[in-house]
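In: Sequence and predicted model, in that order:
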Amino acid sequence: MAQLPFIAAIDAGIHQEMQRDPSVLYFGQNMATTENHDFVKAYGHDRVRVTPISETAEIGMAIGAAMAGLRPVVELYMAEFMLVAMDQVVNEAPRFRYMSGGQVKVPLVLKAGFGFACGWAGQHTGSLTALFMGVPGLKVVVPSTAADAKGLMATAIRDDNPVVFLHHYLLTLEPGEVPDGEHLVPFGKAEIRRAGGDVTIVATGWMVPRSLAAAERLAKEGIQAEVIDPRTVAPLDLETILKSVAKTGRLVLVDQAPRHATVAGIIAGEVAEHGFSSLKAPIVQVTARDTTVPYSEPLEAYVIPDEERIVAAVRKVLQGRR
Amino acid sequence: MSVQALPAERQIWIYTQMLRIREFEERVKRTFTEHPGVIRGHTHLADGAEASIVGSLSHFRAGDAALATYRCHGYPMVLGSDPKAMMAEIYGRVDGLCKGLGGSMHLTDVKRGFLGTSGIVGAGIPHAAGAAWAAQIRKKAEVVYCFFGDGASKQGAFHETLNIASLWKLPVIFVMENNGYNVVTTSEQEDANAANGEPLAVKAKAYSMPGVTVDGADPLAVYAAVGAAVERARAGAGPTLVESKVYRLSAHGNIIAPPGVPLHYPEHEAITVFGKREEYEAALRGDPVPRFRATLVKSGTLAAAKADEIGMQVAHEMAAAVTFAVNSPFPKLESALDNVYA
């Protein structure tokens, strides 16, 4: 175990896979520009390259390289940059295996930060997770701890499908215990970050630490919240969520995206359909307010779900509890 | 490359492949009337581009790869795909090349190096460059053939990819089949080079790679132009843009209509939209398939009787493809859920 910041843990995951598999490529803008670049030194320019600002070509070439037998990791920096190349992400990468009747595999990783809510204003702060999770053929990963960042990246690289790897920018420097050596975290297996019997809170990314902080406050009032981090939203571990709701009967969903663009809405629908008999109160969704993320600090804080709103939501679902 | 420089046998092979593509697609077209309802959605024919397709892929060797667009029936035919499986795919049947999951616009035959076809204009161009990066890493002098139309050269994907391909000296040959029309829009209406009387191949200059324009109706001219590009790519010197001028002899595709309206191929847009019947008829007179046959017969490379015999064989092969495909069952319903993930 080593104490590593989140961002270094992602790099450790990429290194782990590049060392064991010569077919892994790593490329993107503003990286690998000198011979001193960590990855260039280790693997050379055949496998590690800087690209122009050309997201469509970067992601499109990753698809072609993947179809030709390689495993590209594309460094995109910001999730919004995928919007520039949305056709390649949504309508090319996940389609080829299917349309070819299973003849090709498209193993690639699109690595992108998201949710940079610290004054980056309207175009670099989005939480676009839900935009990708419903695309058949895509897998979507949202780590919230350094250990998962390493293990999920390694699993993403080994996966034979296109994977959107979304790391939250405000977690970049968060340190955590990261296992040394080979570390893999399975897809589709949620982690219970905090056990509790009174209410289930489901959150991803930066909303996980916020939900945990809210849970600690509630614990002082005698309310025990169970906090679940799905870790991957495609595939989504509904079983763990439904099991928890069966125990607590109450569900609060926390999501940094605007109200109708959330993973929360999808989970709410599934729980309403498959866990209705367990529910003792209506599901409450704590989401960003329906607006573009503003620049001004107090306004930005007002828009994004915080500890206060999570606590209030939990109190709401517990209202009238015996 | 002169006619004499290619062995007679190879020239006859080129003619045979051109004829096979033409005959296959004639059967696709006839399916709309002979078996109404069997072909769904949108199909796009390569008639007029056969010489370009075969001339280009004559250089293909094991380890090379080719990627193309939704107008994709010709390439796998040349690379050895079974026309029965191709037709079954176009009919949505279980014996289809892609198990009925892709259809006419997405023919793929990985075993033969035909890696994939995107239905989105220009989107497949970076895929070819990515496959070329893989070839560059393998260092076996393998190349990738990237086929697309003139319309795609207005997409960002084209420009982004040509820039990187040249920058990285990727072993890819960009074959732009310029058929003069982007669906129902003429090149002069949508391309600055065309509007200024320049060939579209000048776009290569912006990316510091060779750009050549060739008569795409002449398979030997295409063979020579693409051959030089392949040689350059195999030598590690980078990509080339080959503008191959062809005339699409059918409309862009069958009519787009909701269910209930029988699908068919309308007349060419030159006539229906622009009223240029003479332009179209001149193109028909220059049809590359009979033109190449006449060249071969005239030069004594192919006897007329032998040419007729090839014609009979090909017609028989493609009739058999239709019979096979129309009798192939539909896939099992649950197979719609297969192959979503690897």
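Out: Here it is on my side, so go on. What you are looking at is a predicted structure, and each value in this text was computed from that prediction instead of being measured. Numbers count the residues shown, from 1 in each chain, chains lettered A, B, ... in the order given.
In: residues in contact with the spatially most central residue of chain A?
Out: Taking Cα atoms, centre = their mean as the criterion, A:Val142 is the residue nearest the geometric centre of chain A, at 1.4 Å. Residues near A:Val142 by Cβ atoms under 8 Å, 6 or more residues apart in numbering or on different chains: A:Thr129, A:Leu166, A:His167, A:His168, A:Thr204, A:Gly205, A:Pro230, A:Arg231, A:Thr232, A:Val233. C-beta coordinates here come from the backbone N, C-alpha and C atoms, glycine included.
In: you'd agree the last one is in a helix?
Out: No: going by DSSP: H, G, I helix; E, B strand; the rest coil, the assignment for A:Val233 is strand, not a helix.
In: residues contacting it?
Out: Neighbours of A:Val233 in contact, by Cβ under 8 Å, 6+ apart: A:Thr129, A:Ala130, A:Met133, A:Val140, A:Val141, A:Val142, A:Thr204, A:Val263, A:Ile266.
In: rewinding a little: now the contacts of A:Val142 in JSON lines, with distance to B:Glu9 and pLDDT?
Out: JSON lines is the format used below for the contacts of A:Val142 (distance: Cβ to Cβ, whole Å; pLDDT from 0 to 100):
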{"residue": "A:Thr129", "distance to B:Glu9": "59", "pLDDT": "97"}
{"residue": "A:Leu166", "distance to B:Glu9": "57", "pLDDT": "98"}
{"residue": "A:His167", "distance to B:Glu9": "59", "pLDDT": "98"}
{"residue": "A:His168", "distance to B:Glu9": "64", "pLDDT": "97"}
{"residue": "A:Thr204", "distance to B:Glu9": "64", "pLDDT": "98"}
{"residue": "A:Gly205", "distance to B:Glu9": "64", "pLDDT": "98"}
{"residue": "A:Pro230", "distance to B:Glu9": "63", "pLDDT": "98"}
{"residue": "A:Arg231", "distance to B:Glu9": "61", "pLDDT": "98"}
{"residue": "A:Thr232", "distance to B:Glu9": "57", "pLDDT": "98"}
{"residue": "A:Val233", "distance to B:Glu9": "58", "pLDDT": "98"}
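In: Out of the residues you listed, the closest to B:Ala5 would be?
Out: A:Leu166 (56.5 Å; Cβ to Cβ).
In: quick one: what helix or strand has that closest one in it?
Out: If you go by DSSP states H and E, A:Leu166 is part of strand A:162-168.
In: If you count contacts, what does that strand end up packed against?
Out: helix A:6-20, strand A:108-114, strand A:139-141, helix A:146-158 (3 or more Cβ pairs under 8 Å, 6 or more residues apart in numbering or on different chains; DSSP states H and E).
In: how many other residues sit next to the closest residue to A:Asp180 other than its chain neighbours?
Out: Closest residue to A:Asp180 apart from its sequence neighbours, by Cβ to Cβ, 6 or more residues apart in numbering or on different chains: A:Ala2 at 5.9 Å. A count of nearby residues for A:Ala2, using other Cβ atoms under 10 Å in any protein chain shown, gives 13.
In: Helices of the stretch 201-322 of chain A, start to end?
Out: A:207-220, A:238-248, A:263-274, A:297-303, A:307-318 (DSSP state H, counting those that start in this stretch).
In: Name the stretch among these that sits most buried.
Out: Across the helices of the stretch 201-322 of chain A, averaging neighbours per residue (mean count of other Cβ atoms under 10 Å in any protein chain shown) puts helix A:207-220 on top, at a mean of 21.
In: Out of the contacts of A:Val142, which is nearest to chain B?
Out: Of all these, chain B sits closest to A:Thr232, with 12.7 Å by Cβ to the nearest Cβ.
In: which intervals of the stretch 1-150 of chain B have sub-threshold pLDDT?
Out: B:1-4 (pLDDT under 70).
In: Which stretches in it count as strands?
Out: Taking DSSP state E, counting those that start in this stretch, the strands of the stretch 1-150 of chain B run over residues B:65-69, B:114-118, B:144-149.
In: Stretch B:60-76 and chain A in contact?
Out: Yes: against chain A, stretch B:60-76 shows contacts by Cβ under 8 Å from any Cβ of the partner chain at B:Ala65, B:Leu67.
In: Quick check: buried residues in that stretch?
Out: Neighbour-count burial for stretch B:60-76 flags B:60, B:64-76 (criterion: 16 or more other Cβ atoms under 10 Å in any protein chain shown).
In: for the nearest residue to B:Lys140 once chain neighbours are set aside, what are its contacts?
Out: In space, and not counting its chain neighbours, B:Lys140 is closest to B:Gly63: 5.9 Å by Cβ to Cβ, 6+ apart. Listed by Cβ under 8 Å, 6+ apart, the contact set of B:Gly63 reads B:Gly113, B:Ala135, B:Arg138, B:Lys140, B:Glu142.
In: With A:Glu226 instead?
Out: By Cβ under 8 Å, 6+ apart, the contact list for A:Glu226 reads A:Ile192, A:Arg194, A:Ala195, A:Gly196, A:Gly197, A:Val199, A:Thr200, A:Ile201, A:Ser244, A:Lys247, A:Thr248.
In: Please determine how far the nearest residue to it once chain neighbours are set aside is located from A:Glu307.
Out: Nearest residue to A:Glu226, sequence neighbours excluded (Cβ to Cβ, 6+ apart): A:Gly196, at 4.1 Å. In this view, A:Gly196 and A:Glu307 are 16 Å apart by Cβ to Cβ, to the nearest Å.
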